[in-house]
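**Student:** Have a look at this prediction, sequence included:
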Amino acid sequence: MKTSSSSIGWRVTATVIVTILFFTSPAEAHIQRGAAAGFTTGFCHPWSGWDHILAMVAVGVWGVQLGPPAIWLLPVTFPVIMSLGGFLGLIGCPLPGTEVGIGFSALSLGLMVASEARPPLWVAVFMVGIFGLYHGHAHGTELPPNESGLTYSIGFVVATGCLHGVGITLGLVHRWKAGAIALRVAGVVIALAGACFTWKAIA
Amino acid sequence: MTFPRPQKRWLTGLAFLMFAIGVPVRANAHLVTTGLGPVYDGMEHMLLSPDQWIMVVGLAFLAGLNGPSAGRAVLFLVPGAWLAGGCAGHFIPRTLPPLLPAVTLLMVGGLVAADLKSVRNFVAVIAGMLGFLQGYLNGVSFGAAGGISLMLLGTALAAFVIVALGAALVVDVRGWRRMVIRVAGSWMAAIGILLAGWTIRKF
């Protein structure tokens, strides 16, 4: 039986990996207790609900549709104002209608993407900022106690930025005609989902 | 027999390598014998404290975005102020307001995100103040540890390296790359806002 050299390479690699896995020991590398847990919890939090995911991706896609400077201004505005909302939530300052605001954000942003709306830049920034405030407030009030505040915040902000990045990357297909149509269809889907979230929040 | 030039270079390299392997001497690299352990402790302290290195990265970006002149000033100012602040913190320890790290992070991140063309002296003053403040916090917290001067030296050296790399990275960026740096600044500001919320909730 002939065995190719690449097959031998794979076998050797697999054997080494299995051997390493059998001899694992605790790394004990983290000296800041709870820091890693804080980052992972913070990073996972924005991915925990479709209402957040769709709205944040829609911000990125809308930014691409609007072009510069909105392509970077909207994803800058959202995390900063969202953090302000998180701050209000953390210190216990109430914001009425948070869940409705979040559902409505997905609905509105979906409609903006679907219609390729081009309002003045300040209107777009204002809209995204208001919605960011609602999303941030919800996150701020839901934050788990006993986490490392700093690393949680880092994970949280980075994950939000990544979601905008996903939106911007998806939005790059806008340069092709078929891609632009696909984005508008995606906007309709986001708007429909947003309508469901809003209905649920009101009902 | 004559060798072509690249082959000659290889042979020379090989000869040097054989010589280096053939004549080993004591490395004296062990920290117990050199007494340099606290220096590495200080460097590690910096790299494992996200609140500190994120702020230093922010200062490096701020300096780099304001051109080579500001970059050169900040490169030496931050480590120097860090050492001075560390000595002050060690000899005159005081409890600083707990919101200070969050506020400084917000300030530096905001300045990077705004990308305002500042005069070199303004950037230098900001960098000096924040370097002094971070050094002071280190000086207070290192108080009980042995080899404090070497530990402070380690943190200051780490700050020097981070500023050198960070400022050099952004000193000549244009277009969308500059936007990426500004987005990173907005993330720092967002982290600062959330950290302020955590701090207020804690106290």
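**Tutor:** Thanks, I have it.
**Student:** drop to CA atoms for contacts and neighbour counts, all remaining ones
**Tutor:** OK.
**Student:** what residue is smack in the middle of chain A?
**Tutor:** The centroid of chain A falls nearest to residue A:163 when counting by Cα atoms, centre = their mean (3.2 Å).
**Student:** List the residues that contact that residue.
**Tutor:** A:53, A:56-57, A:60 (Cα atoms under 8 Å, 6 or more residues apart in numbering or on different chains).
**Student:** swap the cut-off to 6 Å and go again
**Tutor:** A:56-57 (Cα atoms under 6 Å, 6 or more residues apart in numbering or on different chains).
**Student:** And for residue A:191?
**Tutor:** If you count contacts by Cα under 6 Å, 6+ apart, residue A:191 has them with A:107, A:110-111.
**Student:** What distance do you get for it to residue A:110?
**Tutor:** 4 Å (Cα to Cα, to the nearest Å).
**Student:** Show the pLDDT at residue A:87.
**Tutor:** Looking at residue A:87, its pLDDT stands at 89.
**Student:** Show me which of the contacts of residue A:191 is closest to residue B:56.
**Tutor:** Proximity of the contacts of residue A:191 to residue B:56, judged by Cα to Cα, is greatest for residue A:110, which lies at 38.7 Å.
**Student:** isn't the closest one right next to residue A:187, touching?
**Tutor:** Yes. Between residue A:110 and residue A:187 there is a contact at 4.3 Å, judged by Cα atoms under 6 Å.
**Student:** and the two? which has more neighbours close in?
**Tutor:** A direct count of neighbours by other Cα atoms under 10 Å in any protein chain shown for residue A:110 and residue A:187 places residue A:110 higher, at 32 against 27.
**Student:** list the buried ones in stretch A:68-82?
**Tutor:** A:70-82 (16 or more other Cα atoms under 10 Å in any protein chain shown).
**Student:** and residue A:9, how many neighbours does it have?
**Tutor:** 11.
**Student:** Spatially central residue for chain B, please.
**Tutor:** residue B:159 (2.2 Å).
**Student:** Is that residue within a helix or a strand, and which one?
**Tutor:** Assigned by DSSP states H and E, residue B:159 falls within helix B:148-170.
**Student:** Just the buried residues of that helix, please?
**Tutor:** For helix B:148-170, burial by neighbour count (16+ other Cα under 10 Å) applies to B:148-168, B:170.
**Student:** And the contacts of it?
**Tutor:** B:38-40, B:42-43, B:46, B:60-61, B:64, B:71, B:75, B:79, B:82.
**Student:** Which residues belonging to whatever helix or strand residue A:122 lives in are considered buried?
**Tutor:** Here residue A:122, judged by DSSP H and E, is contained in helix A:121-142. Within helix A:121-142, the residues scored as buried using 16+ other Cα under 10 Å are A:124-125, A:127-141.
**Student:** next structured bit after it?
**Tutor:** Per DSSP H and E, the helix or strand that comes after helix A:121-142 is helix A:149-171.
**Student:** pLDDT averaged over the very next helix or strand once past that following helix - what is it?
**Tutor:** Moving toward the C-terminus from helix A:149-171, the next helix or strand (DSSP H and E) is helix A:177-202. Across helix A:177-202, the average pLDDT comes to 89.
**Student:** What are the buried residues along the longest helix anywhere in chain B?
**Tutor:** In chain B, assigned by DSSP state H, the helix with the most residues is helix B:175-202. Neighbour counts over helix B:175-202 (16+ other Cα under 10 Å) mark B:178-179, B:181-199 as buried.
**Student:** Of the residues you listed, which are in range of chain A?
**Tutor:** Intersecting the buried residues of helix B:175-202 with the surroundings of chain A, defined as Cα under 6 Å from any Cα of the partner chain, gives B:183, B:190-191, B:193-195, B:197-198.
**Student:** Show me which residues of chain A sit near chain B.
**Tutor:** A:76, A:80, A:83, A:87, A:90-91, A:149-150, A:153-154.
**Student:** In those residues, find the pair that's most separated.
**Tutor:** A:76 and A:91 (23.2 Å).
**Student:** Show me the shaky parts of the chain.
**Tutor:** With no chain named, the answer covers chain A. A:1-6, A:22-37, A:145-147 (pLDDT under 70).
**Student:** oops, chain B please
**Tutor:** Using pLDDT under 70, the flagged stretches of chain B are B:1-4, B:24-36, B:144-146.
**Student:** again, 90 this time
**Tutor:** For chain B, the stretches flagged by pLDDT under 90 are B:1-52, B:66-73, B:89-102, B:113-124, B:135, B:137-152, B:169-180, B:183, B:194-203.
**Student:** Enumerate the residues of it near chain A.
**Tutor:** So chain B meets chain A at B:183, B:190-191, B:193-195, B:197-198, B:201 (Cα under 6 Å from any Cα).
**Student:** Next one: the residue nearest to the centre of chain B relative to residue B:133, how far apart?
**Tutor:** Going from residue B:159 to residue B:133 by Cα to Cα gives 13 Å.
**Student:** for residue A:53, same thing?
**Tutor:** Distance from residue A:53 to residue B:133, counting by Cα to Cα: 38 Å.
**Student:** okay, those two: which has more neighbours?
**Tutor:** Neighbour count, other Cα under 10 Å: between residue A:53 and residue B:133, residue B:133 has more, with 23 against 18.
**Student:** burial count for the residue nearest to the more buried one when sequence neighbours are not counted?
**Tutor:** Distances taken as Cα to Cα, 6 or more residues apart in numbering or on different chains place residue B:85 nearest to residue B:133, at 6.2 Å, with adjacent residues excluded. If you count neighbours by other Cα under 10 Å, residue B:85 ends up with 26.
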